[in-house]
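1. here is a sequence with its predicted model. Questions after.
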Amino acid sequence: MAVLEEQPIVHFSLYPPLGLEDWSYTYAAAQVRTLEEKMLDIAFLTEMANAASAGEAIEMLSGTDYAIPANASFEQIEQMLIERRTQLRQLFEQLVPDEKVVEYVKARVDYENMRLVIRRLVLENPLGADYCGDGNIPINEFGLVFEQEDYTSLPDYLREGVEAGVLGYYKNKNVRDIDIEIDKSEAEFQVKNALTTGNAFLLELQKMRIDLNNLRTMLRLKFVGSQETDVFMPGGYLESSRLVQNVDTAYESIASVFAATPYWQVLDAGVGYLQKEGSFLKLEAACDAHLLGYLKMTSEITAGLQPVVAYLLRKEHEIRMVRMILTAKRNSLEPRLMLDRLTV
């Protein structure tokens with residue numbers, strides 16, 4: 001466990017180390033490598049984005065994991081994509097024997113559901129039942145807990161998240177504060193539990209995700225001229241004080257300020273586009289590209305949890321890209337906007 005202790009400085013130039021191999025994952029790693037060969041590449045997604053119509057883009061998917069009937073409604077397409085994501089997550093659970101790792105990964109969905117239900121709760125809206133069933137807490141139990149406002153049956157990480165989200169809202173009665181406080185609670189949980197699993201890759205991956213989310217937040221604060229300071233997630237490599245300080249840095253200088261970090265290219269791509277277009281599309285694409293670059297490095301691992309986690313996250317990303325293109329086509333958006341956002 002000592003090798004996973006949090007480190008106060010960035011000890012790598014672009015990507016952190018991948019961690020050790022684990023031969024108990026030999027079969028799992030081999031299986032996801034076979035599945036990776038069927039993943040959609042950037043050329044295919046680009047062709048979809050440039051398709052003349054939504055129908056043509058749908059037709060292109062006929063020979064892939066996302067085959068859709070030509071007369072399918074948008075609701076049916078959305079349901080199909082949700083089913084593909086659920087099947088993917090179920091496969092991950094089958095391939096990973098470590099219950100701690102499975103719980104750690106599935107907790108992402110619990111937090112997503114909790115954000116949604118707390119918004120409805122504080123705004124006194126119907127709680128509904130449209131929650132994702134891929135988390136640790138079954139949907140029927142999840143809804144009942146919040147309907148009765150009895151959180152004793154929830155695991156500690158969710159009880160802490162509920163408290164953080166509700167208190168965050170009542171500070172200023174701002175719904176956005178719910179997400180901010182739950183994001184912080186989730187970041188603390190993910191770092192703590194990555195340490196508990198004893199897997200260096202999971203810890204480095206989580207720290208990177210926290211950094212990328214904090215950089216997004218920094219630029220959004222700058223873009224809207226906000227003076228908020230207590231909005232950054234803990235646990236990453238970039239100090240909150242540094243992020244707060246650079247909210248006021250000129251756009252032209254932001255990338256160079258972070259030149260000694262692994263995120264210079266992310267900011268260089270995202271800030272220039274933000275200045276020119278007033279849009280965060282390229283920043284989102286650059287953040288995804290950085291994260292995906294690290295996930296692709298797991299090809300260096302012969303056997304281990306790393307390629308299994310990487311396949312899960314890359315395939316989830318692929319599903320989001322397919323959804324984005326089909327939604328954009330349905331709404332007749334310019335192909336340029338889709339191409340600016342595409343990453344694989």
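-> That came through fine.
2. give me the domain ranges for this structure.
-> For the chain, the structural domains run 1-72+211-344, 99-198, going by automatic domain parsing.
3. could you dump the ones you listed to a markdown table with mean neighbour count?
-> Using the backbone N, CA and C atoms, a C-beta is placed for each residue, glycine as well. Output for the domains of the chain, formatted as a markdown table (neighbours: other C-beta atoms under 10 Å):
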| stretch | mean neighbour count |
| --- | --- |
| domain 1-72+211-344 | 16 |
| domain 99-198 | 17 |
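4. these into CSV, with extra columns for mean pLDDT and distance to E83?
-> Shown next, in CSV, are these (pLDDT from 0 to 100; distance: least, C-beta to C-beta, whole Å):
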stretch, mean pLDDT, distance to E83
domain 1-72+211-344, 92, 10
domain 99-198, 90, 11
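5. I'd like those domains laid out as TSV, including distance to L205.
-> TSV is the format used below for those (distance: least, C-beta to C-beta, whole Å):
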stretch	distance to L205
domain 1-72+211-344	7
domain 99-198	8
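6. hang on, A200 packs against G19?
-> Yes - when contacts are counted by C-beta atoms under 8 Å, A200 is listed as touching G19 (3.6 Å).
7. give the contact list for I139.
-> N113, A129, Y131, C132, G133 (C-beta atoms under 8 Å, 6 or more residues apart in numbering).
8. meant to ask about M114, not that
-> Contacts of M114 by C-beta under 8 Å, 6+ apart are L158, G161, V162, G165, I182.
9. same deal with A328?
-> A328 touches A49, L337, M338, counting by C-beta under 8 Å, 6+ apart.
10. correct me, but the second one touches L281?
-> Think L337. Yes - here L337 lies in contact with L281, judged by C-beta under 8 Å, at a distance of 6.7 Å.
11. F92 is nearest to which of the domains of the chain?
-> Comparing the domains of the chain against F92 with C-beta to C-beta, the closest turns out to be domain 1-72+211-344 (4.7 Å).
12. how far off centre is that closest one?
-> How far domain 1-72+211-344 lies from its chain's middle: 8 Å, per C-alpha atoms, centre = their mean, to the nearest Å.
13. just the helices from the stretch 51-200 of the chain, written as ranges.
-> When assigned using DSSP state H, counting those that start in this stretch, the helices of the stretch 51-200 of the chain occupy the ranges 54-60, 74-95, 99-122, 139-148, 156-172, 175-197, 200-224.
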